[in-house]
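K.L.:
Model the following, please.
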Amino acid sequence: MCGIMLHSGSRHFGNIVGQYFNKIAHELNDRWFSEVPSEWNLPFLPVDTDEGQRYLAWMQLCMDFAYENRAIMLSKVKDIFVKHITKYTGIVPEFSGEINCHHNYAAQENHFGRNVWVHRKGAIRAREGDMGIIPGAMGSYSYIVRGKGNPDSFMSSSHGAGRAYSRTAALDKFSVESVMVDLKAQDVVLAKNNKSDVAEESRFAYKDIGDVMANQTDLTEPVKRLFTVGVIKG
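P.N.:
Model (predicted):
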């Protein structure tokens, strides 16, 4: 049993949309004399305003783009697997259990008897029965999970291990050589043209995925545990 895991969002589209509406929100909050300090960079747009509705529509477009983007990328990767595995082994691989889930978005949902907006940043939806992906890092384990629908978490769980070091700190802390040596010791193949920033994704730059999973047993049920054997990075 093996798995293919693909990680991609809206490929900067969402970031551009967010920056655009964040600027509008700052301007309006200054006009409204908002009590939220500007330096916190937490301006708001009421959902019943034209600007708020436009933002929600654009956010949904970005989410739909991200979903389709992952679906198309995965389809192409599967085609490549079938082509080469069939060529060298004579076996035609079969795929099942495809999961495509968002991990950075907002959605209006009903919790505790009220309609509320839930922002899942670094989190996935984990309603009862929802299938999700909780990745570790290069050279560590990742998990396929089934949600338990815990109401206290707004039916969410972590999206991954979470960083112990920021990308910048990881580049300072770990050398390219140390990361490559670690991957080689675990028989993990890395395909990446420019390896100068590979330390950003060192497994030591992340928290221990085992600890993370142990701390959210009330949120998800592990279905499969996958160990990294190959990584392709753009």
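K.L.:
Now do the strands in the protein.
P.N.:
Here the chain has its strands, by DSSP state E, at 104-111, 114-121, 123-125, 131-134, 141-147, 156-158, 189-191, 220-227, 230-232.
K.L.:
could those go into a markdown table alongside distance to Leu45 and mean pLDDT?
P.N.:
The way it works is simple: take the backbone N, C-alpha and C, and place the C-beta from them, glycine included. Shown next, in a markdown table, are the strands of the chain (distance: least, C-beta to C-beta, whole Å; pLDDT from 0 to 100):
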| stretch | distance to Leu45 | mean pLDDT |
| --- | --- | --- |
| strand 104-111 | 12 | 95 |
| strand 114-121 | 11 | 96 |
| strand 123-125 | 22 | 97 |
| strand 131-134 | 29 | 96 |
| strand 141-147 | 30 | 96 |
| strand 156-158 | 23 | 97 |
| strand 189-191 | 42 | 95 |
| strand 220-227 | 32 | 96 |
| strand 230-232 | 38 | 92 |
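K.L.:
Of those strands, which is nearest Met1?
P.N.:
Minimum separation from Met1 across these (C-beta to C-beta) falls at strand 220-227, 7.4 Å.
K.L.:
check contacts around Gly97.
P.N.:
Met131, Ile144 (C-beta atoms under 8 Å, 6 or more residues apart in numbering).
K.L.:
mind redoing it with 10 Å?
P.N.:
Gly3, Met131, Ile144, Val223, Lys224 (C-beta atoms under 10 Å, 6 or more residues apart in numbering).
K.L.:
With adjacent residues omitted, what lies nearest to the third one?
P.N.:
In other words, Ile144. Of all residues not flanking Ile144 in the chain, Lys224 sits nearest, at 4.1 Å (C-beta to C-beta, 6 or more residues apart in numbering).
K.L.:
That neighbour reaches Gly132, doesn't it?
P.N.:
No - at 11.5 Å, Lys224 does not count as touching Gly132 under the criterion of C-beta atoms under 10 Å.
K.L.:
can you pull the pLDDT of the residue nearest the centre of the chain?
P.N.:
The centroid of the chain falls nearest to His103 when counting by C-alpha atoms, centre = their mean (4.5 Å). The model reports His103 with a pLDDT of 90.
K.L.:
For it, grab phi and psi.
P.N.:
Torsion angles at His103 (phi, psi; degrees, to the nearest 10) stand at phi -140, psi 10.
K.L.:
Leaving out chain neighbours, which residue sits closest to it?
P.N.:
His103 sits nearest to His159 (C-beta to C-beta, 6+ apart), 4.0 Å away.
K.L.:
one step back: write a PyMOL command that selects only the buried members of the contacts of Gly97.
P.N.:
In PyMOL, selecting the buried portion of the contacts of Gly97, with burial taken from 16 or more other C-beta atoms under 10 Å, looks like this:
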select buried, resi 131+144
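K.L.:
Can you lay out the contacts of Gly97 as TSV showing distance to His111?
P.N.:
Formatted as TSV, these follow (distance: C-beta to C-beta, whole Å):
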residue	distance to His111
Gly3	32
Met131	21
Ile144	25
Val223	25
Lys224	29
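K.L.:
residues near the residue nearest to Arg54 when sequence neighbours are not counted, how many?
P.N.:
Nearest residue to Arg54 in three dimensions, chain neighbours excluded: Phe21, at 7.6 Å (C-beta to C-beta, 6+ apart). As a burial measure, Phe21 scores 19 neighbours (other C-beta atoms under 10 Å).
K.L.:
Begin at 850 from now on, thanks
P.N.:
Sure, I'll start numbering at 850, so the last one becomes Phe870.
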